[in-house]
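**Q** model the structure of this input:
(chains A, B, C and D, ligands or ions: 2)
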Protein chains: 2
Amino acid sequence: MKKRISESTIHRLSLYYRALSLLEKENVVTVSSKELAKREKLTPAQVRKDLSFFGSFGTRGLGYQVAELRSRMSHILGINRDWRVALIGIGNIGSALVSYKEFARQGFHIVKLFDNDQRKIGSNHKGIVVSDIKDLEKELKEDNIEIVIVAVPATVAQYIVDDVVAAGVKAILNFAPINLRVPPEVCLRNENMSMELEYLSFAVVNNHTPKKVI
Amino acid sequence: MKKRISESTIHRLSLYYRALSLLEKENVVTVSSKELAKREKLTPAQVRKDLSFFGSFGTRGLGYQVAELRSRMSHILGINRDWRVALIGIGNIGSALVSYKEFARQGFHIVKLFDNDQRKIGSNHKGIVVSDIKDLEKELKEDNIEIVIVAVPATVAQYIVDDVVAAGVKAILNFAPINLRVPPEVCLRNENMSMELEYLSFAVVNNHTPKKVI
DNA sequence: TAATTCTTGTGAAGCATTTCACATGAGCGG
DNA sequence: CCGCTCATGTGAAATGCTTCACAAGAATTA
Ligand SMILES: NC(=O)c1ccc[n+]([C@@H]2O[C@H](COP(=O)([O-])OP(=O)(O)OC[C@H]3O[C@@H](n4cnc5c(N)ncnc54)[C@H](O)[C@@H]3O)[C@@H](O)[C@H]2O)c1
Ligand SMILES: NC(=O)c1ccc[n+]([C@@H]2O[C@H](COP(=O)([O-])OP(=O)(O)OC[C@H]3O[C@@H](n4cnc5c(N)ncnc54)[C@H](O)[C@@H]3O)[C@@H](O)[C@H]2O)c1
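**A** Ligands and ions are numbered 1, 2, ... in the order given. The predicted structure follows:
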């Protein structure tokens, strides 16, 4: 019975959630798969198929209740609750992420910072004191951290991630441009900006246009 | 004859390029599809099929010459040359990107910065003076910019992108969490970190492990 | 109540991508 | 130079994902 949900479907759930949030702000009460599709450059059939993996949320002839569907989406995505996030590496990109208030508004609360630079350890970023990387495993456990963001140089990322995994964390967002080894029960996602620039460069040189834009 | 190259293949080309660069640093001379696959958690067949879209670069029984294949990859990806990049929005994320030296090392040179904040206009970031957003279209044309990175609030991103498109730019990397409209000849890529966090949250809640890690 | 309109939910068809499997060619050791 | 090993390149099969197309349910109007 349990069908494997594809990566693309999960990403589109995020898009639906985003579109529904906007619709709610616009005080729109119901929305059809057609309208939802248009807003995120997809097809109505795609929208309905994606939703159908999780249940049937609409009314024939009418469409979907915006508020209800949004709430359903948030449950499916697991964002109807708060998440405790730790950020490792308070450099260029790390600092940008701590300052980004939107994450907290979405339920992703960065509650812990780590670095190995003595000048940074003990300093305060947006109300959070930077911890020593030495205490990583211990503090991740103590603080019940569920998601870790890795923003350290690629050369040390694997060591860091090994500790993160040892601490029992099951979800990692990695910014270092390196292929990290994690056990199968840990979900690792990579945010690789160079790869996106290379995609653009490929597209320009080869006159290629992507079919779908993530 | 011209086969459509899939998004996944293009992303994997970046992975091959990265792995080959490391192999070259390690003074490895030849590499098999098997080894290349292992390094990036792929299958040997996948590697060979991807490469086969662009030619045949290997030697049966031996594998691929690391230096040669790397050079071929860089030509295919269009990174055997320099690119002139402009960055719009010198806030949290924009500042992090300007400071990141790796982009320039890969041939992506951020040579132009834009903002609308009077306190930022005229200021110097890593040797580049921030221009007024008012002059965006004119300066993008004058300076022959080919790739634009958009790091402004979502509320203004569409206006900015319209100007970027009007200036004839064909490649855009967008960090704003919004679905931007661009004409079909323009390649738009979105870097959406919230979406990745939502992916992780989905994975944890649904006990889902992705098949492939991008 | 019946006819009309609208839009969902979903098997099945149509495409796309990945994996398989093997013929083929290169190097090497005896 | 022959036989053995290794690894590529590629059609074909298998798998996965998207789109089609339509039965069926809900509202609305007559
Ligand atoms: N800055 C960007 O725009 C950008 C873009 C793409 C990728 N990245 C990647 O993101 C990562 C961080 O980049 P950055 O520009 O912020 O680098 P950075 O050097 O500014 O920051 C790295 C931080 O990690 C800390 N660190 C180093 N070793 C550590 C360790 N062992 N334990 C804990 N902390 C440690 C450093 O003290 C520093 O604060 C890198 O892997 C980089 O390749 C950055
Ligand atoms: N900071 C992050 O970690 C992060 C994470 C995910 C997504 N984002 C997205 O990236 C974008 C930038 O985020 P940020 O945190 O750097 O925001 P920010 O507010 O720090 O920076 C935005 C910059 O854009 C400039 N700007 C505003 N309107 C402009 C206009 N019309 N023309 C030119 N410049 C203008 C502002 O002056 C500011 O310098 C946002 O869309 C945000 O949602 C940021």
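
**Q** where along chain A do the strands fall?
**A** For chain A, applying DSSP state E gives strands covering A:30-31, A:64-65, A:83-88, A:108-115, A:124-125, A:128-132, A:147-150, A:171-174, A:187-190.

**Q** low-confidence stretches in chain A?
**A** Applying pLDDT under 70 to chain A flags the ranges A:1-2, A:214.

**Q** confirm for me that A:V111 is in contact with A:N144.
**A** No - assessed by CB atoms under 8 Å, A:V111 is found out of contact with A:N144, at 9.3 Å. To be clear about C-beta, it is placed using only N, CA and C from the backbone, and glycine gets the same treatment.

**Q** comparing the strands of chain A, which comes out most buried?
**A** Mean neighbours per residue, mean count of other CB atoms under 10 Å in any protein chain shown, is largest over the strands of chain A for strand A:147-150, with a mean of 26.

**Q** list the residues that contact A:G94.
**A** By CB atoms under 8 Å, 6 or more residues apart in numbering or on different chains, the contact list for A:G94 reads A:87-88, A:113, A:115, A:149, A:151.

**Q** residue of chain A closest to DNA strand D, please.
**A** When scored by CB to the nearest atom of the strand, chain A has A:G61 as its residue closest to DNA strand D, at 2.6 Å.

**Q** circling back: what do A:V111 and A:N144 both touch?
**A** A:R84.

**Q** grab the longest helix from chain A for me.
**A** Criterion DSSP state H: the longest helix present in chain A is helix A:7-25.

**Q** show me which residues of it are buried.
**A** By neighbour count on 16 or more other CB atoms under 10 Å in any protein chain shown, the buried set for helix A:7-25 is A:7, A:9-20, A:23-24.

**Q** what's the burial count for A:A104?
**A** 15 (other CB atoms under 10 Å in any protein chain shown).

**Q** can you pull out the helices in chain A?
**A** Residue ranges of the helices in chain A, as given by DSSP H, are A:7-25, A:33-39, A:44-52, A:66-77, A:92-99, A:102-105, A:136-142, A:154-166, A:193-206.

**Q** wait, doesn't A:A37 sit right on A:V47?
**A** Yes - if you go by CB under 8 Å, A:A37 and A:V47 touch, sitting 4.9 Å apart.

**Q** if we can go back for a sec, tell me if the longest helix of chain A is near DNA strand C.
**A** No - counting by CB under 7 Å from any atom of the strand, DNA strand C has no neighbours in helix A:7-25; the shortest distance is 10.3 Å.

**Q** how about residues contacting that helix?
**A** A:31, A:36, A:39-40, A:42, A:46-47, A:50-51, A:53, A:66-67, A:69-70, A:73-74, A:76-77, A:79, A:214, B:177, B:179, B:192, B:194-195, B:198-199, B:202, B:208, B:210-212.

**Q** is ligand 2 contacted by it?
**A** No - if you take CB under 6 Å from any ligand atom as the test, helix A:7-25 misses ligand 2, and the best it gets is 11.5 Å.

**Q** thank you kindly, that will do.
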